[in-house]
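Asker: Sequence below, structure please.
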Amino acid sequence: MLVGYSSSSEEDGELGSVSTTRASRRSVVEDEGNQDLPAKKKARTAELDPKARLPLPGCLLSMFPDDDDDAQTGDSSLHGGRIRSFKHERGNWATYVYVPYPPEEEFEELLEELLSALGAHGLILTQQEEFHLSLSQTVVLRHHWIQPFTKSLQAGLSNCRRFVCSAAALKVYCNAERTRSFLGMEVSTGHAQLLDLVRAVDKTMTEFRLDTFYKDPSFHVSLAWCVGDQMEKMKEILHELQSLVDNHEEGTFLLRLPCAEVRCRTGNKTFRFPLKP
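Answerer: Down below sits the predicted model:
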């Protein structure tokens, strides 16, 4: 944890003002004729005066933000133009389950080519900060649900085995609110094993009365996104984009996703569930 300390000059100023305040308070007490109190008692009384206490450090105040801070979290300008699917409320944790994809160097080179081709057609997409394959929708957990929720996930996934799935076909997606469009790479092998994982995750979702995954999911790894519904424009050049994948260096690029563990992210916490060898 990083803590911001005040400068020495600021500390001296604060302590000096408090000492002056205490001295003035003692003189006021004496002038009012409270002679029944001993001198030590008077000094102690002044020290306990809440108005004379040192201010709390900024690091502590930041732990309890004002309501205005909550309002700012819903400001789309602070999130690249993205709009929340649900209102931010203190104590609610956005949660989703996924399989991570560690990008290879070849994948990153291909992604640069795809983004450049999109930009040439006036479509500016933002690369995903991290790459993964979703096994759930994004749901809301209350803080006190996190421990039982993750324990249920761990139990449900305990019998699932590791496998490898692959993807090579590009596909365009849009979220349910039509506020963001995505370019993704759809899985072509490992579909049956992914459905087994989804069934285990859905069981936990049902226990907590949360939304389960889509009935006929298109498993994919999202590559990049843009604000708004741009599906039609992206579909118009999808053939051109796919040719970059099919003719990448020595042949078709194949995204290989090693499904060795499932992860659950809830708020700023990430839980890992290794699959059986």
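
Asker: C-alpha from now on. contacts and neighbour counts both.
Answerer: Fine.

Asker: First-to-last residue distance for stretch 252-268?
Answerer: 37 Å (CA to CA, to the nearest Å).

Asker: ok, Leu195 to Arg209 distance?
Answerer: Going from Leu195 to Arg209 by CA to CA gives 20 Å.

Asker: From the neighbour counts alone, determine which of those two ranks first.
Answerer: Set side by side, Leu195 and Arg209 show more neighbours around Leu195, with 15 against 9, by other CA atoms under 10 Å.

Asker: The more buried one: which element?
Answerer: For Leu195, the enclosing helix or strand under DSSP states H and E is helix 191-207.

Asker: host element of Gln242?
Answerer: Going by DSSP H and E, Gln242 is in helix 238-246.

Asker: What is that helix packed up against?
Answerer: Applying 3 or more CA pairs under 8 Å, 6 or more residues apart in numbering; DSSP states H and E, we find helix 238-246 packed against helix 105-120, strand 163-174.

Asker: returning to what we had before: in the helix holding Leu195, which residues are buried?
Answerer: Using 16 or more other CA atoms under 10 Å as the burial criterion, the residues of helix 191-207 that qualify are 193-194, 197-205.

Asker: Equivalent analysis for stretch 92-111, please.
Answerer: Buried residues in stretch 92-111 (16+ other CA under 10 Å): 92-101, 107, 110-111.

Asker: Stretch 113-125 now?
Answerer: By 16+ other CA under 10 Å, the buried positions in stretch 113-125 come out as 114-115, 117-118, 123-125.

Asker: which non-adjacent residue is nearest Ser222?
Answerer: Of all residues not flanking Ser222 in the chain, Gly184 sits nearest, at 4.1 Å (CA to CA, 6 or more residues apart in numbering).

Asker: So which residues make contact with stretch 190-204?
Answerer: Stretch 190-204 has contacts (CA atoms under 8 Å, 6 or more residues apart in numbering) with 97, 135-136, 149, 152-153, 156-157, 160, 163-166, 212-213, 219.

Asker: List just the nearest of these to Lys233.
Answerer: Set against Lys233, the nearest of these by CA to CA is Phe219 (22.2 Å).

Asker: In contact with that closest one, which residues?
Answerer: Phe219 sits next to 133-134, 186-187, 191 when contact means CA under 8 Å, 6+ apart.

Asker: okay, it: pLDDT?
Answerer: Phe219 is assigned 98 on the pLDDT scale.

Asker: any idea how far it is from Gly184?
Answerer: Distance from Phe219 to Gly184, by CA to CA: 9 Å.

Asker: do the same with Ser134
Answerer: Counting by CA to CA, the gap from Ser134 to Gly184 is 12 Å.

Asker: Report the set of residues contacting both of the two.
Answerer: Taking CA under 8 Å, 6+ apart as the criterion, Ser134 and Gly184 both touch 220-221.

Asker: per-residue pLDDT, the residue nearest to Met205 when sequence neighbours are not counted?
Answerer: Nearest non-adjacent residue to Met205, counting by CA to CA, 6+ apart: Thr212, 5.9 Å away. Listed pLDDT for Thr212 reads 98.

Asker: same thing with Arg90?
Answerer: 76.

Asker: Check Thr73 too.
Answerer: 43.

Asker: show me where this structure has strands.
Answerer: Applying DSSP state E to the chain gives strands spanning 92-100, 126-127, 132-134, 139-142, 163-174, 180-189, 220-227, 255-259, 261-266, 269-274.
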